[in-house]
Every structure is written in C-alpha cells, then in structure tokens.
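In: Give me a model of this one.
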Amino acid sequence: MKRFSRILSVDIIAKASGFILLPVYLKLMTQAEFGLYGYIFSIIGVFALVLNFGLYVAQIRLYPVYDCVDRGAMLFTVNALLGGALSVLLIGAFLCRADYAIVSFLFSHQINYEAYRTLVFLSLISTVFALMVHTYFIASEKIKLIQSNNLAKAFLVNAVVIYFLFISSGDAVYTRLKYVFISEFALLIFFGRFLVKKMRFKFRFDIAKRSLKIGIPIMLSAFFAMLYNLSDRFFLEKYSGFEILAIYNLGVTIAGAITILSASFQIVYLPLFFKEKDPVINLKNVKKIVKTAVPGLLLLAGGIIFVCWCMSRANIIGKEYQSVVTLLPFLFIYSILQMVTQLYINFLVYFEVMYMIVLVSIVTNAINIMANIILIPRFSIYGAASATVIATTISFLAFFFYAKKRVSLAMS
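Out: Here you go, the predicted structure:
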C-alpha cells in the first residue's frame, strides 16, 4: 500500500492536471476537432497495442525468470524482435499505402488524412516503444522513474501542446498531434536510455521463441480489443458525426480516472503477483482487493459525476457537452468492471494460458459489435456505452470463473 500510494499520488496529480485542462482544450478546439482528435488518438493507441505483438507482456512475465546477464539478453532480444517486426510491417504498409484503406473503412466523414499521415506513423512507433519502457519500469519496480515519467507527460506534454494550440490558427488536430508526438518522443529518448543500459546486446533465439509464445496470443487478444475499443467510436462517427463523438470522447476521458487508478495498482501489484508461487494466495488477495476497491471506486465515480454536473451548471463545460453528465454513470460502470476483469486476466498470464484470453475476446467482441449495431442508431452515445457495459460484464464473468477453475486445478 505504501508503494501504491507513491505511484497513485503522482498519477492523481497527472490525472488532475489533465482533468483541469479539459476545458482549455475544449476552448482551443472546435467540437468537431475535439471529436476527430479523440478518435485518431484512440486509433493510434489500440493499433500500438496490436503492433507491440504482445511483447510488453512477455517482457514483464520473463523479467523475474532470468537473472543478471540472461536478463540483459532477454531485454535486448524482446526489444530487437519488436523493432525488426515493427519496421518490416510499418515500412511495408507505408510504401503500399495500406493505411489509406484502413482510414477509408474507419472514417465515414471526410478528413485531411494526407496531412496527418506521417505523424500517425511516427506516433505509432513512439507509442509502441514507450510502452516497452513503461513495462520495463514496472517489471524492475523502478517506482521513481515511473513517477518522473508520468509527471513529465502530464506537465511537459500539456504545456507544449496548449502553447502551440494557443498561438496557432490552423488545423488544431494537426497541431495537437504534432506537438504531442514531439514531446512524447523526447521523453521516450530520455527515459528509454535506462532500458538500453540494462540490455546485453546478444540475441537469444530461445528467449525469442518463448517471448513469441507469450506475445502472439496477447497480440491476437489486442487485435480483438482493438475492435472492442473502436467499434463504439466507429459507429458513432458513422451515424452521429464528430460533434457527438466529441461528447463521448470527453466522457471516456473523465471516466479514465478509474483506469488511472487501475494502472497505478497494476504497476505495484503485478511484480508481486508473478513472484507469488501459490496461486491460492493470489486468488485470496484478489478477492480482498475487489471487496475493498469496488465500493471506494463507486463513491469516487459519484463524486466526479457531481463535480462535472457543477461544472456544466457553471458553464465551465459548454452547453454542447452537457449531456456528458448523464453518460458518465455508464462509462464509470464499464471502467470499474474493466479494472476487476484485469485482476482475473492476470491469472491467465500467470498460468501462461493466453489462448483463453483470445477465445473470450472473440466472443465478447462479437457481442459488443452486435450490440453497437443495434443500440447506437437508436440511442447514440448511450447505446455505445450500454453495449460496452454488456460486453464487459460477460468478459468479467468468463475470466472470473476460468481463473477460479485454473487455481483449483493447480492445487488438486
């Protein structure tokens, strides 16, 4: 709890700064620009998870397995494997212009993708390797570096982006994409050196094989998660346009407070979880965590909704965004369910049965897409949020019961 509070205190500051600055972004960008940027940013994030090939999980899982020299070789092997695969895929996609087909499918409304294209590719690369640096800090339990990185992202990136949005008069989406990338790439270079210093520059094929065994199912799961995370925005953009999508993106950003808490806890808990040899102890600990966390998170969600209501009444959140207040209860339920679900997904990684993550992802994604098709044309943002809650509930139940079954089998 002491280590968690250290991480959480910084994440609260970082999240609070982002929350406080939301009205600034809403003023500096039109509603359509805010909606478009949020959609592009989401696309970059989910594609980066797929293009990581699940190797960020392999890096965390294998870190405690190897010691000293072998650990250095593992870090180099995993990241070199990622760099090679990513280079081949992205260079091929760029030269073949395959991304235009993806954009044509994802966007029903016209956008100036030609202007954003290079920034999107560069942002993908930066996001992929930033995840590797972050997960190295998690695996090695470098709490101070995680704190420093989070603070730098909160203050440096926002300060740079807001300054250039304020002085620029052109496309606000392009300006924000450009300076988010420049700022985050600078942070990647600075913090990435800590990972590079720990590498032993020797490629090990046995480690590569084991990494891919862990990573490929995670990549497949990330692919279905991409469909899961984009399908709501995809259908909202198709049926409602960027203005309505902006309201939904605002709600997702605010509900992301729960995601920040979840990520902070995972940073501290995952190394301890994987070090524990007795899965029964892990299961008991997770039950205690859930019983303690869920009531507290519900109270937090209620408090944030009340603050947003006050901000809407005071016109800090503009009239065009005020329906976000009635949307937030759905999004907070989803966020809390997702946090609890992740605690049980950890067991599948623990037992290295990642194929079950893929199978559950296929089923829940199919349910989510069908629910979106049915609900979004009739209920817009509320239909999107409801579909997500339904699919996440099914996902939680599947992982909960399977995790309990695996623990029972391990002890029999």
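
In: Test my guess that Ser183 contacts Val157.
Out: Yes: using Cβ atoms under 8 Å, Ser183 and Val157 qualify as a contacting pair, with a distance of 4.2 Å. Backbone N, C-alpha and C define where each C-beta goes, glycine included.

In: can you give me the mean pLDDT across the helix or strand Ile369 falls within?
Out: Using DSSP states H and E, the element containing Ile369 is helix 355-411. Per-residue pLDDT values across helix 355-411 average out to 89.

In: Next one: the residue lying closest to Ile317 once chain neighbours are set aside from Val290, what distance?
Out: Nearest non-adjacent residue to Ile317, counting by Cβ to Cβ, 6 or more residues apart in numbering: Met311, 4.7 Å away. Distance, Met311 to Val290, by Cβ to Cβ, to the nearest Å: 31 Å.

In: what about these two, which has more around it?
Out: Met311 (19 against 14; other Cβ atoms under 10 Å).

In: what's the closest non-adjacent residue to the residue nearest the centre of the chain?
Out: In the chain, the residue lying closest to the centroid (Cα atoms, centre = their mean) is Gly45, at 6.5 Å. Of all residues not flanking Gly45 in the chain, Thr127 sits nearest, at 6.7 Å (Cβ to Cβ, 6+ apart).

In: Buried residues, stretch 156-175. List them.
Out: Neighbour counts over stretch 156-175 (16 or more other Cβ atoms under 10 Å) mark 157-158, 160-162, 164-165, 172-175 as buried.

In: Span of it from start to end?
Out: Stretch 156-175 has an end-to-end distance of 16 Å (criterion: Cα to Cα, to the nearest Å).

In: so Ile40 sits right up against Leu124, yeah?
Out: No: the pair Ile40 / Leu124 is not scored as a contact, 11.2 Å apart, by Cβ under 8 Å.

In: In the stretch 101-250 of the chain, what residue spans correspond to strands?
Out: Applying DSSP state E, counting those that start in this stretch to the stretch 101-250 of the chain gives no strands.

In: Low-confidence bits of it, can you list those?
Out: Residues of the stretch 101-250 of the chain meeting the criterion pLDDT under 70: 228.

In: and Val24, how many neighbours does it have?
Out: 14.

In: Test my guess that it contacts Ile162.
Out: Yes: Val24 is within contact range of Ile162, at 6.0 Å (criterion: Cβ under 8 Å).

In: from what I can see Val128 touches Phe53, true?
Out: No: under the criterion of Cβ under 8 Å, Val128 is not in contact with Phe53, lying 9.1 Å apart.

In: and Asp11, what pLDDT?
Out: For Asp11, the model assigns a pLDDT of 62.

In: phi, psi of Asp67?
Out: Backbone torsions for Asp67, taken as degrees, to the nearest 10, come to phi -120, psi 150.

In: From Val133, how far off is it?
Out: Asp67 is 21 Å from Val133, by Cβ to Cβ.

In: higher neighbour count, the two?
Out: Val133 (22 against 9).

In: So that one sits against Leu195, correct?
Out: Yes: taking Cβ under 8 Å as the definition, Val133 is a contact partner of Leu195 at 5.3 Å.

In: for the nearest residue to Glu33 once chain neighbours are set aside, what are its contacts?
Out: Among residues not flanking Glu33 along the chain, Ala172 sits closest, at 4.6 Å (Cβ to Cβ, 6+ apart). Applying Cβ atoms under 8 Å, 6 or more residues apart in numbering, we find Ala172 in contact with 28-30, 33, 37, 165.

In: Tell me the spacing between Ala172 and Pro217.
Out: As judged by Cβ to Cβ, Ala172 and Pro217 stand 39 Å apart.

In: Could you check which helix or strand contains the residue nearest to Ala293 when sequence neighbours are not counted?
Out: Computed as Cβ to Cβ, 6+ apart, the closest residue to Ala293 that is not its neighbour in sequence is Met339, at 7.3 Å. Per DSSP H and E: Met339 is located in helix 324-350.

In: now the angle from that helix to helix 355-411?
Out: Interaxial angle, helix 324-350 versus helix 355-411 (axes from the mean of the first three to the mean of the last three Cα atoms, to 10 degrees): 60 degrees.

In: What is helix 324-350 packed up against?
Out: When contacts are defined as 3 or more Cβ pairs under 8 Å, 6 or more residues apart in numbering; DSSP states H and E, helix 324-350 packs onto helix 242-275, helix 279-313, helix 355-411.

In: List the buried residues for the second one?
Out: Translated: helix 279-313. 279, 282-283, 286, 293, 297, 300-301, 304-305, 308-309, 311-312.

In: That helix packs against which elements?
Out: Counting by 3+ Cβ pairs under 8 Å, 6+ apart, helix 279-313 packs on helix 242-275, helix 324-350, helix 355-411.

In: what mean pLDDT does the second one have?
Out: Okay, so that is helix 324-350. On average, helix 324-350 scores 91.

In: and it, which residues are buried?
Out: 324-325, 327-350.

In: That helix vs helix 242-275, what angle?
Out: Using the same axes, to 10 degrees: helix 324-350 against helix 242-275 is 30 degrees.
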